[in-house]
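Novice: okay, predicted coordinates and the sequence, questions at the end:
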Amino acid sequence: MEPQMRIGIKPLPLTSALVKSDRLLVQTLTKNGYSCVLLAITNPRYRENCKSYFQSFKDSIKEGGFGAVPGELNVPFPRSNEVNIFTGPHTGTTIGMLSPWIELGANDPLINEFSLQVLSNEIAYAQFLGVRKLLLAPPKDLNHLAVFTNSLNSILHKFSDMEISISLPICEDPQTNPTTGELIPIIDPLSTWDMWNTIRIHCNYHRNLTVSLASPKQNIPENVVNRWLLEPIRFYLISSSRFIPNSKGYPVLNKYNQLIIWKIIQKKILDPPVLLLHGVDKESDLIANLRNSTLDDKSSQAYINVDGSKVYLGDLSFLEYLKFLIKSSSSHNQLLPIEEFTLSNLAMANLDPSELRSIKSLQTPLQPLSENLNNATYKVFEQDQAKYECYERAMISSLMDLMNLPRFQHVRNLPNFGATAFNTSSLTVTEKGPESDVQQSFEYLKILVIGPGRGPLIERLFAAIKFLNLDLDKVHITAIEKSPTVMVYLSQRNQDFWNGKVDIINADVRSWAPHVPSQSGFHLIISELLGSFGCNELSPECLYSVEQYCDPDNSIFIPKEYTSFVAPAISPSIYTKLLECNDLSKFHTCYVPLCDEYDTLSSKYSKLWTFQHPLKNGNMKRQAHTTLHCHRKGTIHGLLGFFQAELYNGIIISNCPTGSGPSPHNLVSWLPIFMPLEQPMQLTDDQELAVFVKRDTAPDRVWYEWSLESYIYLALPSETTLSRSSNNSSSAIDQPGRLSMFSSTEQNGTSRSSMQPEEYQVRVRTGTTRIHNTNGMFHSMKL
């Protein structure tokens, strides 16, 4: 899939001044191959005019002997000689840069109001021009970040159709030790992300607030890049100073900057940011060498004639190199197979970016029991060859174990039976006297396929039978499919490809009962009912209903068991979509994140519960309270649910995040499930998270409930802890390995100095959420 990346340029202010005409400058640069041009909305004349007005205002206040009243400020609107952009067709490819000299975060109300009015004037003018995307400089004073965000928030609501992108470094630049010259490690690699996160939260995840990132000078941790990839990146700024000359003297990027760009291209393919070059028209050693070395070949040098003089617009080698990086992206894949599969299918759907950012792009998990799948959905899932290969291996393994039983010796076509295909030994059997003797009774091997869809499992079953060279006349295959819409297709395949060997029944397996002897006493039961969370497509309920019709001595289920897992997740895009609905019930519904970026905040995922088949009883309720550790700061927007299933005899399929993706690696059928939080939970570094998840049932439905708590551990001296304990402090919790309020020297008569440690850990709760989806009032799976 060819990435649709755009490359823009930010000319130097001097270049813009020399060219004089913004229309000529933009049109010339776009003809040279750039997609868009970043220009300052106003010029230094407007800055001086505003500063002069501000000084006059302050002087008049002093002369009158009154305090400055911000409401009396009235900053002049820019005049024609104070702006850089004028109306014309070129404004469609122009990005506006807001004045960096203003102080939106000033704690002085007068300076703050002055800055706010300057910014409003510039945005109003850009709005008139039709320039909808604007770049804003980062806050100058982090001590007053709340003032900055308050001003920004008012601007976002005042100009609701304008997008404002805050320019930030992707990571703090490492400092150099002045004595040794060595680089000092960055203390907090996520500090700039943390600043952005604070701004975004204060502005309540406003849809028109985005971020623009500057490429790093040095290599940065991968987790920092991955965190930024979750965010709405509008521009990725690449300075000419980030380039180095290759062996031929042409500009190239270091490997780590190449990898970042490839990740951005591939991860953001549905809504790609603009790669924005700057500094290519200024004097530097690299650019000077390029100009000198290409004197005979003027094609890479961009100039524009202005009043008989040539104005240098930069060397096009930088642009050509970025185009090369974009084209070579597919040869340097940064995506897992499931990511590539999902993004490719979405890209082929040609969804508009506005649709991708809306609630319409959120998909609730499939409910095959209550809704019939369409043909297109079946075709998408059938592309997962890894899944069906695992199923086929499990079928071969289970059939071999069954064939090793005396009662099924007659099903083998000896001597060609594939006894060496797998080493299997997982089936425990108890044969009872002469009734198991093959010579005294003839018995079919009975196989049941539940929910065959369009038949891929049946295809694999026939392949397994052929591989083992079994006598198909001694095998009876039954398939139960609920959906009447797919029955025509299944029946046609049975006639054309399976020689009518499959007894296909159109019924709901939960209410189905056999009508003839061949439809009971099943030895192998194969199903494809697993959901993103394992049990969320109601596999336990469906399989339990047919267990009564299985052979009581020798029956194998594929899958044999499946376990649900959970991990805390960050996903700003999902939270933004849900927030815009103005409907709190949306936060109590499970989703499958198709086009939304997400990541886990814990280093591991935690086991919740397991379903095994055959089930020991009909209790389908489950609940689990588990603990996870989060080592890096972040915002928890919800929980990601995963599953791991053992099909048979150690053959595993799983969508759990293992670092290298699902298992097997190229499994693409199951994205995780996402359970959102109504109120996001903020985490600092090294916090503990307690997660509670419940699977509850009623006669007609099944649902999940979830809640979270966060904790930190404090180290306290023993004297402090004892004092707090004696005062019934709620912070000191009676836990194994920690001080109990009943552990005192008076109780055991032992000297505290000889028995008590010098320091204790106290577990302190720092956050908690409500219980989501109580009693399934907002979301449930129908039975």
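Specialist: Structure received.
Novice: the longest strand in the chain is where?
Specialist: strand 701-717 (DSSP state E).
Novice: name the helices or strands packed onto that one?
Specialist: strand 634-648, strand 673-683, strand 687-698, strand 759-768, strand 781-782 (3 or more C-beta pairs under 8 Å, 6 or more residues apart in numbering; DSSP states H and E). All C-beta spots, glycine's among them, are computed from the backbone N, C-alpha and C.
Novice: closest to P337 out of those?
Specialist: Nearest to P337 among these is strand 634-648; the distance by C-beta to C-beta comes to 16.1 Å.
Novice: show me where this structure dips below the pLDDT cut-off.
Specialist: Low-confidence segments of the chain (pLDDT under 70): 1, 63-68, 283-299, 414-442, 659-661, 718-758.
Novice: put the alpha carbons of stretch 633-650 into PDB.
Specialist: C-alpha atoms of stretch 633-650 as PDB (Å, rounded to 0.1, in the frame of the first residue of the first chain):
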ATOM      1  CA  LYS A 633       3.900   7.600  33.700                       C
ATOM      2  CA  GLY A 634       0.800   7.800  31.600                       C
ATOM      3  CA  THR A 635      -2.900   8.200  31.400                       C
ATOM      4  CA  ILE A 636      -5.100   5.100  31.700                       C
ATOM      5  CA  HIS A 637      -8.100   5.500  29.300                       C
ATOM      6  CA  GLY A 638      -9.300   2.000  29.700                       C
ATOM      7  CA  LEU A 639      -8.500  -1.700  29.900                       C
ATOM      8  CA  LEU A 640      -7.300  -3.900  27.000                       C
ATOM      9  CA  GLY A 641      -8.700  -7.500  27.100                       C
ATOM     10  CA  PHE A 642      -6.900 -10.400  25.500                       C
ATOM     11  CA  PHE A 643      -7.100 -14.200  25.300                       C
ATOM     12  CA  GLN A 644      -5.000 -17.200  25.000                       C
ATOM     13  CA  ALA A 645      -6.500 -20.500  23.800                       C
ATOM     14  CA  GLU A 646      -5.100 -24.000  23.800                       C
ATOM     15  CA  LEU A 647      -6.700 -25.600  20.800                       C
ATOM     16  CA  TYR A 648      -5.300 -29.000  21.700                       C
ATOM     17  CA  ASN A 649      -2.100 -30.600  23.000                       C
ATOM     18  CA  GLY A 650      -0.100 -27.400  23.400                       C
END
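Novice: now it: how far from the chain's centre is it?
Specialist: On the basis of C-alpha atoms, centre = their mean, to the nearest Å, stretch 633-650 sits 14 Å off its chain's mean C-alpha point.
Novice: kindly report the same for stretch 379-390.
Specialist: 23 Å.
Novice: ok, now which ones touch the residue nearest to the spatial centre of the chain?
Specialist: By C-alpha atoms, centre = their mean, the chain has its centre lying nearest to Y598, at 1.9 Å. When contacts are counted by C-beta atoms under 8 Å, 6 or more residues apart in numbering, Y598 touches 230, 569-571, 574, 640, 672, 674.
Novice: apply 7 Å and report the result again.
Specialist: Going by C-beta atoms under 7 Å, 6 or more residues apart in numbering, Y598 touches 230, 569-571, 574, 640, 674.
Novice: please apply the same query to E122.
Specialist: By C-beta under 7 Å, 6+ apart, the residues touching E122 are 41-42, 98-99.
Novice: and of those residues, the nearest to V274?
Specialist: L98 (16.8 Å).
Novice: apart from its chain neighbours, what residue comes closest to that closest one?
Specialist: Once flanking residues are discounted, L98 sits nearest to L136: 5.0 Å by C-beta to C-beta, 6 or more residues apart in numbering.
Novice: how about that neighbour: which residues does it bridge to?
Specialist: In this structure, L136 bridges to I166 when assessed by DSSP bridges.
Novice: close enough to count as contact, it and G96?
Specialist: No. In this structure, L136 is not within contact of G96 by C-beta atoms under 7 Å, at 9.8 Å.
Novice: these two - which one has more neighbours?
Specialist: Using other C-beta atoms under 10 Å, the more surrounded residue of L136 and G96 is G96, with 26 against 23.
Novice: so L578: helix, strand or coil?
Specialist: Judged by DSSP: H, G, I helix; E, B strand; the rest coil, the three-state class of L578 is helix.
Novice: that one reaches S585, doesn't it?
Specialist: No. Counting by C-beta under 7 Å, L578 does not reach S585; the two are 9.9 Å apart.
Novice: so for those two, which sits in the more crowded spot?
Specialist: The neighbour comparison of L578 against S585 (other C-beta under 10 Å) goes to L578, with 25 against 13.
Novice: quick one: that one from E231, how far?
Specialist: For L578, the distance to E231 equals 17 Å [C-beta to C-beta, to the nearest Å].
Novice: from Y591, how far off is the closest residue in space to Q679 that isn't next to it in sequence?
Specialist: Leaving aside its chain neighbours, Q679 sits nearest to T769 (6.3 Å; criterion: C-beta to C-beta, 6+ apart). Using C-beta to C-beta, T769 is found at 17 Å from Y591.
Novice: look at those two and report which has more neighbours.
Specialist: Set T769 next to Y591 and count neighbours by other C-beta under 10 Å: Y591 wins out with 24 against 17.
Novice: so who does the closest residue to that one other than its chain neighbours touch?
Specialist: Distances taken as C-beta to C-beta, 6+ apart put F674 closest to Y591, at 4.6 Å, once the chain neighbours are dropped. Contacts for F674 were tallied using C-beta under 7 Å, 6+ apart; they are 569, 571, 574, 590-591, 593, 598, 638, 640.
Novice: now D596
Specialist: Neighbour list for D596: 571, 573-574 [criterion: C-beta under 7 Å, 6+ apart].
Novice: can you select the buried ones from these in PyMOL?
Specialist: Buried residues among the contacts of D596 (16 or more other C-beta atoms under 10 Å), as a PyMOL selection:
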select buried, resi 571+573+574
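Novice: same list (the contacts of D596) but as JSON lines, adding distance to Y303 and secondary structure.
Specialist: Output for the contacts of D596, formatted as JSON lines (distance: C-beta to C-beta, whole Å; DSSP: H, G, I helix; E, B strand; the rest coil):
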{"residue": "S571", "distance to Y303": "47", "secondary structure": "coil"}
{"residue": "S573", "distance to Y303": "43", "secondary structure": "helix"}
{"residue": "I574", "distance to Y303": "48", "secondary structure": "helix"}
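Novice: and the closest residue in space to L647 that isn't next to it in sequence, how far from S21?
Specialist: Using C-beta to C-beta, 6+ apart and skipping residues adjacent in sequence, the residue nearest L647 is A394, 3.6 Å away. In this view, A394 and S21 are 70 Å apart by C-beta to C-beta.
Novice: those two - which one has more neighbours?
Specialist: Shown here are A394 and S21; by other C-beta under 10 Å, A394 has more neighbours (27 against 15).
Novice: show me where the stretch 51-200 of the chain has helices.
Specialist: Using DSSP state H, counting those that start in this stretch, the helices assigned to the stretch 51-200 of the chain run over residues 109-129, 145-158, 191-202.
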